[in-house]
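K.L.:
next come a sequence and a model predicted from it.
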Amino acid sequence: MLRLEPSSSDIWKRLKRAGSKFTLRLITKGRKTGLPRPVRVWFICLDSRLFLRTTRETQWYKNVRVHPQVQAEVDSLKFSAQAELVEDEATIRMVQSAYRRKYHIFDFLRSLRRWKGEVFLELKATAG
């Protein structure tokens, strides 16, 4: 998730406005090649934090585990961030609920696929 400090209030305001968008463009660094690897992902803005959901099986998650520094783009907003695994159960439940509210039937249909190893990441804004 992206947690922005008060000094980044302008970025957070822009991100909140873009929060109604369904996807953001995440650019990871390939764990083997080091090359940029863009992917579109669903996201949640919640309590001044930005969360992403995936599984341990996706290539972009495997890239993030090796190279947690990422780039993100949503609407016209572009920023650098550090991706961190969310391990707090209360936060995970809160984010799962937010995904259900935002993505409705699409989230339900995704859940039918019985994802294994579902994980949540928080993007924390960094300089650069």
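P.N.:
Cool, got the structure. Computed from a prediction, not measured in an experiment: that's the story for all the values here.

K.L.:
can you pull the contacts of the most centrally placed residue in the chain?
P.N.:
The residue lying closest to the centre of the chain (Cα atoms, centre = their mean) is L52, at 2.7 Å. By Cβ atoms under 8 Å, 6 or more residues apart in numbering, the contact list for L52 reads 1, 26, 41-44, 83, 120-123. Just so you know, the C-beta spots here come from the backbone N, C-alpha and C atoms, and that holds for glycine as well.

K.L.:
what does V39 give?
P.N.:
25-28, 60.

K.L.:
which of those residues sits closest to L77?
P.N.:
Closest approach between the contacts of V39 and L77, by Cβ to Cβ: R25, at 10.5 Å.

K.L.:
ok, that closest one to S76 distance?
P.N.:
12 Å (Cβ to Cβ, to the nearest Å).

K.L.:
ditto for L46
P.N.:
Distance from L46 to S76, by Cβ to Cβ: 22 Å.

K.L.:
please apply the same query to A83.
P.N.:
Distance of A83 to S76, given as Cβ to Cβ: 22 Å.

K.L.:
comparing these two, which shows the higher neighbour count?
P.N.:
A83 (23 against 7; other Cβ atoms under 10 Å).

K.L.:
about what we covered before: as a markdown table, the contacts of L52 with distance to R65, secondary structure and pLDDT would be great.
P.N.:
Shown next, in a markdown table, are the contacts of L52 (distance: Cβ to Cβ, whole Å; DSSP: H, G, I helix; E, B strand; the rest coil; pLDDT from 0 to 100):
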| residue | distance to R65 | secondary structure | pLDDT |
| --- | --- | --- | --- |
| M1 | 16 | coil | 41 |
| L26 | 14 | strand | 97 |
| V41 | 15 | strand | 94 |
| W42 | 19 | strand | 88 |
| F43 | 18 | strand | 92 |
| I44 | 20 | strand | 89 |
| A83 | 9 | strand | 97 |
| F120 | 14 | strand | 93 |
| L121 | 10 | strand | 96 |
| E122 | 14 | strand | 95 |
| L123 | 14 | strand | 93 |
